[in-house]
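Colleague: give the three-dimensional model of this entry:
(2 chains)
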Amino acid sequence: AQKITQTQPGMFVQEKEAVTLDCTYDTSDPSYGLFWYKQPSSGEMIFLIYQGSYDQQNATEGRYSLNFQKARKSANLVISASQLGDSAMYFCAMRGPYNTDKLIFGTGTRLQVFP
Amino acid sequence: NAGVTQTPKFQVLKTGQSMTLQCAQDMNHEYMSWYRQDPGMGLRLIHYSVGAGITDQGEVPNGYNVSRSTTEDFPLRLLSAAPSQTSVYFCASSYSGTISVRSNEQFFGPGTRLTVL
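Modeller: Okay, the predicted model is just below:
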């Protein structure tokens, strides 16, 4: 069965520093996709970044990058130059079996950025 | 382009009552789904649809019913509300093609916070 594990319930980082949020996954499918979503205190789910299992390069979107290590089955999110507005819950998710649109989510990591 | 809309934003029900959570999208997406979010558990899939007239169960379907008569709308029905259904409900939609990275994105609605007393 597919599974997403986020082992850090909470993380603290100082403004302007970089932070890595961990995500490991388990799947037997050769083709899969991994997502990161941000959920601020207002509650909406904001798409950050996507990595396909066959993508040759690690995904990047502005200050967000995905450290994809396929052999270790990890897809860590790196946020560079943290800002106060980055304080939020962050969820790692995987596309469902046979790379369908069904998403399987991890339990999330709460990131707090302090001045 | 309103994206994914959900109504109501908040709802309080008594045990045994029924209600429908509304979800609509104006992006012509084939795929739509409902998730529930409980503290410490992330989001879990309730039901999903790959197109009008086609629905299927997700991870936690019990106590919920769905139908998809149009591409735009995907309502979620609570048949007889129970306190265990107190949660935040999210509707999401996506285009099921694989043309580009962005087409893999699932667009989420703002959520409905439901309390069952």
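
Colleague: does residue A:65 lie in a helix or a strand, and which?
Modeller: In this structure, residue A:65 is located in strand A:64-69 according to DSSP states H and E.

Colleague: what packs against that strand?
Modeller: Under the contact criterion of 3 or more Cβ pairs under 8 Å, 6 or more residues apart in numbering or on different chains; DSSP states H and E, strand A:64-69 touches strand A:33-39, strand A:46-52, strand A:74-79. All C-beta spots, glycine's among them, are computed from the backbone N, C-alpha and C.

Colleague: now the angle from that strand to strand A:33-39?
Modeller: 140 degrees (axes from the mean of the first three to the mean of the last three Cα atoms, to 10 degrees).

Colleague: any idea how far strand A:64-69 is from the chain center?
Modeller: With Cα atoms, centre = their mean, to the nearest Å as the basis, strand A:64-69 stands 8 Å off its chain's centre.

Colleague: about what we covered before: so for chain B, which of the helices and strands packed on strand A:64-69 sits nearest?
Modeller: Nearest of the helices and strands packed on strand A:64-69 to chain B, taken as Cβ to the nearest Cβ: strand A:46-52 at 4.8 Å.

Colleague: burial measure for residue B:93, as a count.
Modeller: 28 (other Cβ atoms under 10 Å in any protein chain shown).

Colleague: give the bridge partners for it, please.
Modeller: Under DSSP bridges, the beta-bridge partners of residue B:93 are residue B:32, residue B:107.

Colleague: who touches it in this structure?
Modeller: If you count contacts by Cβ atoms under 8 Å, 6 or more residues apart in numbering or on different chains, residue B:93 has them with B:4, B:25, B:27, B:29, B:31-33, B:74, B:106-107.
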